[in-house]
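A.B. asks: Quick one: sequence and predicted model below, then my questions.
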There are 2 protein chains.
Amino acid sequence: MSEVITIGEPIITFASKDMDQSLSESVNYLKILGGAELNVAIGVKRLGHDVEYVSRVGTEPFGQYAKSIISGHGVGIDYISESENHWTGHQLKQLVSTGDPETFNYRKGSAAAHLTSDRIDAINLDDVKIAHMSGIFPAISDIAEKTFRTLLTRLVDNQKFITFDPNLRPTLWKSKDYMVSTVNELASYADVVLPGVEEGKILMGSDDPEAIADFYLKGERTKTVIVKIGASGAFIKNKDGSTKIIKGFKVDKVVDTVGAGDGFALGVITALLENKSMESAVLRGNAVGALQVQTPGDNDGYPTPGELQEFYKKEGVQE
Amino acid sequence: MSEVITIGEPIITFASKDMDQSLSESVNYLKILGGAELNVAIGVKRLGHDVEYVSRVGTEPFGQYAKSIISGHGVGIDYISESENHWTGHQLKQLVSTGDPETFNYRKGSAAAHLTSDRIDAINLDDVKIAHMSGIFPAISDIAEKTFRTLLTRLVDNQKFITFDPNLRPTLWKSKDYMVSTVNELASYADVVLPGVEEGKILMGSDDPEAIADFYLKGERTKTVIVKIGASGAFIKNKDGSTKIIKGFKVDKVVDTVGAGDGFALGVITALLENKSMESAVLRGNAVGALQVQTPGDNDGYPTPGELQEFYKKEGVQE
């Protein structure tokens, strides 16, 4: 019944409240919920579109917390199965006054890493208009990669529109070579690929936006590549050779960049669902990313339709 | 170089700060360190005796935290090995206004569960006067049980004095029958066995202190059984048939009973190290237990020698 579907792993994050202390030293924690694809799902829903999140959690307290939070955001949990034998992945995250916080993952062998491909057959894709796929889920286990491919095959067979965000997480993959070849192959099935310039450097050896776009435009089904160039915005290249740069929004103070890339993806996805042009979609991606970096959480900057319009009005732009 | 040695698993506890909320709902946590045998080691050290704690932790933040806290208490960490491939066991613990808090363990397959028996050969037992063994460690994995038995055999071969606390944790054992037969067999090698009346009911079918004592006095080496009878104190029976009840201390307000049984054990152990009579040792066990139940933490009520003397003075008793 949902226009959007995505597959990923929810991560219970114990966010330290002890400023600038190491993960082993800090003792006060706030429990929050993270996960890149989940961020996308939450933001898609906040902008008014129904979305299903495919995953697997444990039956233990972390799993029940994850399901309750996801469902509280209005994201569909029909395809979140439960495992009695595996725990929900969790993570420690530092609180730092400057720079990127350190994290440590307790997610190896998690419930999501045991989401088997037989769970994919039961998914009703009838109403799905866009499937958002990311390079994280296939990285977490061999089982997850197989499941991801099973869903991807069903999406391709059913002519579904696919967005793909490489979302490189080198520590999750068995090797860098395997990551590069697998992510590039998976990207080739997507209608729209959303790499960043830094990812381009790792995945195809260049941080030149057009070179990155050309590489992914060789993909079987790929019609558009949108290369994220940080605060500068995004570079679009289409299969017909046309290109365009959509400038980013100026942000006075960046609080935390977590969730900005996911915000970009959900901006693009929701605009395309509303039949906006690719340029408008990328503009919205930039807007949601800019709103998100001004908040401390992973997804609390994602706007409602009204908040988005207000932002556009303030910035003097038209969607 | 230590008079006392014990083997156990340190558990990182995320103690909820959200009163009366379920483990899945609560979001604010304080990270503390627990573990029954570790409590005993901390209390033994606080009463002025050197102690080594044999265990295994991960190299990750939880493991580094555990080692730092243990070492901060002055407990020996020479025999705490580290695993790169397994995490340190952790746990969620509820905060409740009445009744016992719920807990959930993320400890299956922990680093301590992978403490292999070859680590035991390197332990220098020369100065050990008392080894404190508990029924928890052999419950956590087949590897741990084998390691526990290897240490027990070395202790018996070297004529070391052994105290044994059944510390029943039914959820950790593969079956109730296996727990009962294994714990009773392990107890038979101890000089002093320290069961509670409720444990007696499970382990030998009676809550009668003398029947429980008689059962364990059949043990190969067992000279004394001390049956904990809650607030009433403890019942002592010796191999020669002599018996004695040592009354417990009256406590105005019980804050939290966690750590009381470990306090009892460390009271007995330290008094025996100081060549006190068995009656004096049990009196001290009662005293440390009474002090501990008046504090919220797992081991913060354990006294220094001065605090113990002050308590005795206040209570008008002589050790």
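C.D. replies: Thanks, I have it.
A.B. asks: Sketch out the low-pLDDT regions of chain A for me.
C.D. replies: Scanning chain A for pLDDT under 70 picks out nothing.
A.B. asks: ranges for the strands of it?
C.D. replies: A:4-7, A:11-16, A:28-34, A:51-58, A:80-83, A:90-93, A:103-106, A:130-134, A:161-165, A:192-193, A:224-228, A:233-238, A:243-247 (DSSP state E).
A.B. asks: mind giving me TSV with the ones you listed and columns for distance to chain B and mean neighbour count?
C.D. replies: Placement of C-beta: from N, CA and C, glycine included. Listed next are the strands of chain A as TSV, based on distance: least, C-beta to the nearest C-beta, whole Å; neighbours: other C-beta atoms under 10 Å in any protein chain shown:
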stretch	distance to chain B	mean neighbour count
strand A:4-7	23	28
strand A:11-16	7	24
strand A:28-34	4	20
strand A:51-58	10	27
strand A:80-83	13	19
strand A:90-93	6	22
strand A:103-106	5	19
strand A:130-134	26	26
strand A:161-165	28	24
strand A:192-193	35	27
strand A:224-228	31	27
strand A:233-238	35	21
strand A:243-247	38	15
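A.B. asks: would a markdown table of the ones you listed with distance to B:E145 be doable?
C.D. replies: Shown next, in a markdown table, are the strands of chain A (distance: least, C-beta to C-beta, whole Å):
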| stretch | distance to B:E145 |
| --- | --- |
| strand A:4-7 | 40 |
| strand A:11-16 | 31 |
| strand A:28-34 | 33 |
| strand A:51-58 | 26 |
| strand A:80-83 | 27 |
| strand A:90-93 | 28 |
| strand A:103-106 | 25 |
| strand A:130-134 | 43 |
| strand A:161-165 | 47 |
| strand A:192-193 | 53 |
| strand A:224-228 | 54 |
| strand A:233-238 | 58 |
| strand A:243-247 | 63 |
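A.B. asks: nearest to B:L203, of the ones you listed?
C.D. replies: B:L203 lies closest, by C-beta to C-beta, to one member of the strands of chain A: strand A:51-58, at 32.2 Å.
A.B. asks: so what does that closest one touch, helix or strand wise?
C.D. replies: Counting contacts by 3 or more C-beta pairs under 8 Å, 6 or more residues apart in numbering or on different chains; DSSP states H and E, strand A:51-58 is packed against strand A:4-7, helix A:36-46, helix A:61-72, strand A:80-83.
A.B. asks: how much does that strand deviate in direction from helix A:36-46?
C.D. replies: With axes from the mean of the first three to the mean of the last three C-alpha atoms, to 10 degrees applied, the angle from strand A:51-58 to helix A:36-46 works out at 140 degrees.
A.B. asks: Can you show me the CA trace of strand A:51-58 as CSV?
C.D. replies: Coordinates of each C-alpha in strand A:51-58 appear next as CSV, following Å, rounded to 0.1, in the frame of the first residue of the first chain:
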residue,chain,number,x,y,z
VAL,A,51,6.7,4.1,3.1
GLU,A,52,7.5,0.5,4.2
TYR,A,53,10.8,-0.3,5.9
VAL,A,54,12.0,-3.9,5.3
SER,A,55,14.2,-5.2,8.2
ARG,A,56,14.6,-7.6,11.0
VAL,A,57,15.0,-7.0,14.7
GLY,A,58,15.3,-9.1,17.9
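A.B. asks: Write out the residues of the stretch 1-150 of chain A neighbouring chain B.
C.D. replies: Within the stretch 1-150 of chain A, the positions near chain B by C-beta under 8 Å from any C-beta of the partner chain are A:14, A:22-32, A:60-62, A:64-65, A:68, A:87, A:90, A:92, A:104, A:106.
A.B. asks: quick one: contacts for the closest residue to chain B within the stretch 201-319 of chain A?
C.D. replies: Nearest residue of the stretch 201-319 of chain A to chain B (C-beta to the nearest C-beta) works out as A:G297 at 12.8 Å. Under the criterion of C-beta atoms under 8 Å, 6 or more residues apart in numbering or on different chains, the contact list for A:G297 reads A:I32, A:D256, A:V258, A:G259.
A.B. asks: Can you list which of these are found in helices?
C.D. replies: Taking DSSP state H as the definition of helices, the contacts of A:G297 contribute nothing to them.
A.B. asks: Looking at the residues you listed, spot the one nearest A:E82.
C.D. replies: Looking across the contacts of A:G297 and measuring by C-beta to C-beta, the closest to A:E82 is A:I32, at 20.8 Å.
A.B. asks: I'd like the distance between the closest one and A:N299.
C.D. replies: According to C-beta to C-beta, to the nearest Å, A:I32 and A:N299 sit 10 Å apart.
A.B. asks: for A:D256, same thing?
C.D. replies: For A:D256, the distance to A:N299 equals 11 Å [C-beta to C-beta].
A.B. asks: what about those two, which has more around it?
C.D. replies: Taking neighbours as other C-beta atoms under 10 Å in any protein chain shown, A:D256 and A:N299 compare with A:N299 leading, 25 against 17.
A.B. asks: Done for today, thanks.
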